[in-house]
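In: Need coordinates for the following:
(one chain, ligands or ions: 1)
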Amino acid sequence: MSHIKLLVTGGSSQVGSALCARAVSAGINAVWFDDNILDSLTLKSIKAAIASHQPDYVINTVSYSVVDLAQDNPEKSHTYNHDVALLLAQACHSLNVPLVHLSTDYVFDGAQRSPYKEEAYTAPLNRFGEAKLAAEQAIKQYCPEHIIVRVGWIFSAQGHNFVLRTLRQLQEHHHVKAVSDQHGCPTYANDVARVLIAIIQQLDCGISVWGTYHYSGAEITTWKGFAEAILAAAKKHGVTQAENIDAVSSLEWPAKAPRPAYSVLDCSKILSTFGIRQRPWRSGLVKVIDQVFQTTQ
Ligand SMILES: NC(=O)c1ccc[n+]([C@@H]2O[C@H](COP(=O)([O-])OP(=O)(O)OC[C@H]3O[C@@H](n4cnc5c(N)ncnc54)[C@H](OP(=O)(O)O)[C@@H]3O)[C@@H](O)[C@H]2O)c1
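Out: Just a heads-up that it's a prediction; the model follows:
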């Protein structure tokens, strides 16, 4: 058993649950932050809650991350995507505990046609991205000992995500549509957990590499390409009605929040700093789909 103790907010999130499970197998002690404390949103209560656990690191995975809901509820998005991060940053700094935080590829506007590096110009197109960018800025301002990992298109066998939504549609409909002009990289929640543990283990060796990093699954695709991979994996379980995925453009798709046409992250800095390589999202997808059908059989 390692001596490292993690305090994880958003323990029920896709990443938070994967992280707590993975920490156990890595011999790391991970404890849940009582997310009810976030309802009061006072620095005093958050600081007291952190202090009571005496963690070596706080990992924040709390987020109001359904992008279209955030567009309709910008205040709620700001509260859970920004205010929580701001208070955690202030509390962590005053307690001398480093903060590890997850951010998003949606801080970019998608105008680029090559993978975004960490220092690339940020200009979010939607409320979710705006609040997440404001959180990054607050963390940089208030908690110098931080790691921000921007990720994109997270999926797992639980929660709200594109894989589970698409699977339901494939089972219920003969025709399923997906957007074919937005490019990005799906990311398996368990791989994000693996990345966070690897970072923590190296920070614990005393290396001082605070800052912002990018991580996503390997292989650029579109939502249509991702849906086709979901269909192929689901077909093996013989439960799909749909035979193909129909392409639609962003203009034809009735989404509340605009999304970048291109949000591919350049993940070379996390490789050169921590030796962390991107894993193919396709292998994670197969695991998730097998898991979904094992639990529903
Ligand atoms: N999902 C994506 O595709 C995606 C893409 C880019 C970046 N990210 C970032 O990656 C991180 C992890 O994402 P995820 O998909 O794993 O998150 P998620 O599954 O959407 O979970 C969000 C977490 O925040 C908690 N939360 C939300 N509102 C709360 C409130 N009012 N009080 C207390 N807790 C609250 C949720 O608790 P309940 O379950 O109790 O509601 C849940 O534990 C987040 O920072 C997210 O912004 C996600």
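In: Could you list the low-pLDDT ranges of this protein?
Out: Low-confidence segments of the chain, defined by pLDDT under 70: 1, 295-297.
In: can you pull out the strands in it?
Out: 5-9, 29-32, 57-60, 99-104, 146-151, 154-155, 176-179, 183-184, 187-188, 211-214, 221-222, 245-248 (DSSP state E).
In: Dump those strands into JSON lines; add distance to Asp72 and mean neighbour count as well.
Out: In this view, the C-beta of every residue, glycine as well, is placed from N, C-alpha and C. JSON lines is the format used below for those (distance: least, CB to CB, whole Å; neighbours: other CB atoms under 10 Å):
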{"stretch": "strand 5-9", "distance to Asp72": "24", "mean neighbour count": "23"}
{"stretch": "strand 29-32", "distance to Asp72": "29", "mean neighbour count": "17"}
{"stretch": "strand 57-60", "distance to Asp72": "24", "mean neighbour count": "26"}
{"stretch": "strand 99-104", "distance to Asp72": "18", "mean neighbour count": "26"}
{"stretch": "strand 146-151", "distance to Asp72": "23", "mean neighbour count": "23"}
{"stretch": "strand 154-155", "distance to Asp72": "21", "mean neighbour count": "26"}
{"stretch": "strand 176-179", "distance to Asp72": "19", "mean neighbour count": "20"}
{"stretch": "strand 183-184", "distance to Asp72": "22", "mean neighbour count": "21"}
{"stretch": "strand 187-188", "distance to Asp72": "25", "mean neighbour count": "26"}
{"stretch": "strand 211-214", "distance to Asp72": "28", "mean neighbour count": "20"}
{"stretch": "strand 221-222", "distance to Asp72": "25", "mean neighbour count": "19"}
{"stretch": "strand 245-248", "distance to Asp72": "21", "mean neighbour count": "17"}
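In: Now distance to Leu170 too, for these, in JSON lines please.
Out: Below are these laid out as JSON lines (distance: least, CB to CB, whole Å):
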{"stretch": "strand 5-9", "distance to Leu170": "33"}
{"stretch": "strand 29-32", "distance to Leu170": "34"}
{"stretch": "strand 57-60", "distance to Leu170": "33"}
{"stretch": "strand 99-104", "distance to Leu170": "26"}
{"stretch": "strand 146-151", "distance to Leu170": "25"}
{"stretch": "strand 154-155", "distance to Leu170": "15"}
{"stretch": "strand 176-179", "distance to Leu170": "6"}
{"stretch": "strand 183-184", "distance to Leu170": "20"}
{"stretch": "strand 187-188", "distance to Leu170": "19"}
{"stretch": "strand 211-214", "distance to Leu170": "30"}
{"stretch": "strand 221-222", "distance to Leu170": "17"}
{"stretch": "strand 245-248", "distance to Leu170": "9"}
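In: Now those in TSV, please, with extra columns for distance to the ligand.
Out: Below are the strands of the chain laid out as TSV (distance: least, CB to the nearest ligand atom, whole Å):
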stretch	distance to the ligand
strand 5-9	7
strand 29-32	10
strand 57-60	7
strand 99-104	4
strand 146-151	5
strand 154-155	4
strand 176-179	14
strand 183-184	9
strand 187-188	8
strand 211-214	11
strand 221-222	14
strand 245-248	19
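In: Of those strands, which is nearest Asp83?
Out: strand 57-60 (11.8 Å; CB to CB).
In: got a list of contacts for that closest one?
Out: Defining contact as CB atoms under 8 Å, 6 or more residues apart in numbering, one finds that strand 57-60 is touched by 4-10, 16, 19, 33, 50, 84-85, 88, 92, 97-102, 196, 200, 203.
In: Report the strands that pair with it, each with its relative direction.
Out: According to DSSP bridges, strand 57-60 forms sheet pairs with strand 5-9 (parallel), strand 99-104 (parallel).
In: Distance from the chain centre to that strand, please.
Out: With CA atoms, centre = their mean, to the nearest Å as the basis, strand 57-60 stands 14 Å off its chain's centre.
In: Stretch 135-147 too?
Out: Worked out by CA atoms, centre = their mean, stretch 135-147 lies 17 Å from the chain centre.
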